[in-house]
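**Student:** Structure for the following, please:
(one chain, ligands or ions: 2)
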Amino acid sequence: MNTQTTSKTPVALTIAGSDSGGGAGIQADLRTFAFHCVHGTCAITCVTAQNTVGVVRVDAMPKEAVIAQIHAVAEDIGVQAAKTGMLLNQEIIAAVAEEVEALQIDNLVVDPVMVSRTGAQLISDDAVQTISHLLIPKAIIVTPNRYEAQILTNLEINSLDDMKAAAQMIHRSLRAKAVLVKGGGMQESLRGIDIYFDGQNLETLSTLQIDTKNTHGTGCTLSAAIAANLAMGKDLFTAVQQAKDYLTTALSHALDIGKGHGPVGHFFPLLKN
Ligand SMILES: Nc1ncnc2c1ncn2[C@@H]1O[C@H](COP(=O)(O)OP(=O)(O)OP(=O)(O)O)[C@@H](O)[C@H]1O
Ligand SMILES: Cc1ncc(COP(=O)(O)O)c(N)n1
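**Tutor:** Ligands and ions are numbered 1, 2, ... in the order given. From the prediction side, this is the model:
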């Protein structure tokens, strides 16, 4: 028996909430890391009771517990890249921002989970301010959806030009190193088109539009795939492009489970047909 362990295994950390339905949050992130051959570690910020129809209940972890999880991973295993998802409240966001600064985690992908695809705000106004001012400046990239980009900029976003203006404003006024404004919440002709801006390059990333109601976990999967690619040492734009390809394939293999929006499917590398 070969007892050697694999050396130089890339490690990624997700700091996010648990989704009991397994479609989004920590569960989607760890699955995405695994399908990139990246070892996944996690710091759970909150536990949601949710399914394909909606969120029934959310219980926050104490901020000390969140920090202890990050510490335990960082001081022993090390972290090549991290992503944040649902951070829930101001205390957790501020503590996470302080910790990533102290640990000098440079490859930090911030998915600013604030508003659902349907436009409902998921966190308090205070928490929005804390994400904007404490966390986004520490990110290598921030990935707002349409509504999150609207909140971060106070712009109405209805067109591709609006998405571009928002990406540029988030870069400039919130000091985000790079921005990906996602188009999943746009009208049908723009769905699946994302705008990338890193201060120099303004790129439009478009893919096949997938006609499915099973879109739960798209944002989590995309940001986790970016973090996985960064953990493997890819440059930022390549990491984003390849993550987008992964997400599009996962979306085209989405799982038709539950009564609502089923999760994107990650099993495609294992499927024969
Ligand atoms: N129908 C679709 N076809 C192809 N790509 C899509 C489709 N819907 C969303 N996407 C892509 O999914 C990714 C996530 O975008 P979205 O705007 O849905 O983010 P989100 O709101 O954070 O996700 P979620 O709906 O999971 O909360 C983006 O790359 C977006 O372009
Ligand atoms: C615990 C948790 N985290 C994040 C999301 C958003 O998921 P997504 O934007 O990928 O659908 C969610 N529904 N639940």
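**Student:** Identify each buried residue in the helix of greatest length in the chain, please.
**Tutor:** The residue-count maximum for a helix in the chain (DSSP state H) belongs to helix 236-252. By 16 or more other CB atoms under 10 Å, the buried positions in helix 236-252 come out as 236, 239-244, 246-251. No exception for glycine: its C-beta is placed from N, CA and C like everyone else's.
**Student:** Kindly report the same for stretch 194-211.
**Tutor:** 194-198, 205, 210.
**Student:** swap in stretch 148-168?
**Tutor:** Within stretch 148-168, the residues that qualify as buried are 148-153, 157, 160, 162-168, counting by 16+ other CB under 10 Å.
**Student:** average pLDDT across the helix or strand hosting residue 91?
**Tutor:** Per DSSP states H and E: residue 91 is located in helix 90-102. Across helix 90-102, pLDDT averages out at 97.
**Student:** neighbouring contacts of that helix?
**Tutor:** The set of residues external to helix 90-102 that reach it, using CB atoms under 8 Å, 6 or more residues apart in numbering, is 15, 45-46, 60-61, 63, 66-67, 70-71, 82, 84, 87, 108, 124, 126-127, 130-131, 134-135, 138.
**Student:** Near ligand 1, list only the ones from the buried residues of helix 236-252.
**Tutor:** Restricting the buried residues of helix 236-252 to those touching ligand 1 (CB under 6 Å from any ligand atom) yields 244, 247-248, 251.
**Student:** Of the residues you listed, which is the nearest to ligand 2?
**Tutor:** residue 247 (10.0 Å; CB to the nearest ligand atom).
**Student:** Once you drop chain neighbours, what's closest to that closest one?
**Tutor:** Distances taken as CB to CB, 6 or more residues apart in numbering put residue 222 closest to residue 247, at 4.6 Å, once the chain neighbours are dropped.
**Student:** what's the burial count for the closest residue to ligand 1 within the stretch 1-150 of the chain?
**Tutor:** Closest residue of the stretch 1-150 of the chain to ligand 1, CB to the nearest ligand atom: residue 145 (3.3 Å). Counted with other CB atoms under 10 Å, the neighbours of residue 145 add up to 26.
**Student:** before we move on, what SS does residue 59 have?
**Tutor:** Three-state call for residue 59 (DSSP: H, G, I helix; E, B strand; the rest coil): strand.
**Student:** Mind pulling up the pLDDT for it?
**Tutor:** pLDDT, residue 59: 94.
**Student:** Who are the packing partners of the longest helix of the chain?
**Tutor:** Judged by 3 or more CB pairs under 8 Å, 6 or more residues apart in numbering; DSSP states H and E, the packing partners of helix 236-252 are strand 194-197, strand 202-205, helix 218-231.
**Student:** Keeping just the C-alphas, turn it into CSV.
**Tutor:** Provided in CSV are the C-alpha atoms of helix 236-252 (Å, rounded to 0.1, in the frame of the first residue of the first chain):
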residue,chain,number,x,y,z
LEU,A,236,-7.0,36.2,-11.7
PHE,A,237,-8.5,36.6,-15.2
THR,A,238,-7.8,33.0,-16.1
ALA,A,239,-9.3,31.9,-12.7
VAL,A,240,-12.5,33.9,-13.5
GLN,A,241,-12.8,32.6,-17.1
GLN,A,242,-12.3,29.0,-16.1
ALA,A,243,-14.7,29.4,-13.1
LYS,A,244,-17.3,30.7,-15.5
ASP,A,245,-16.9,27.7,-17.8
TYR,A,246,-17.2,25.4,-14.8
LEU,A,247,-20.4,27.1,-13.6
THR,A,248,-22.0,27.1,-17.1
THR,A,249,-21.3,23.3,-17.4
ALA,A,250,-22.6,22.7,-13.8
LEU,A,251,-25.7,24.7,-14.6
SER,A,252,-26.3,22.7,-17.8
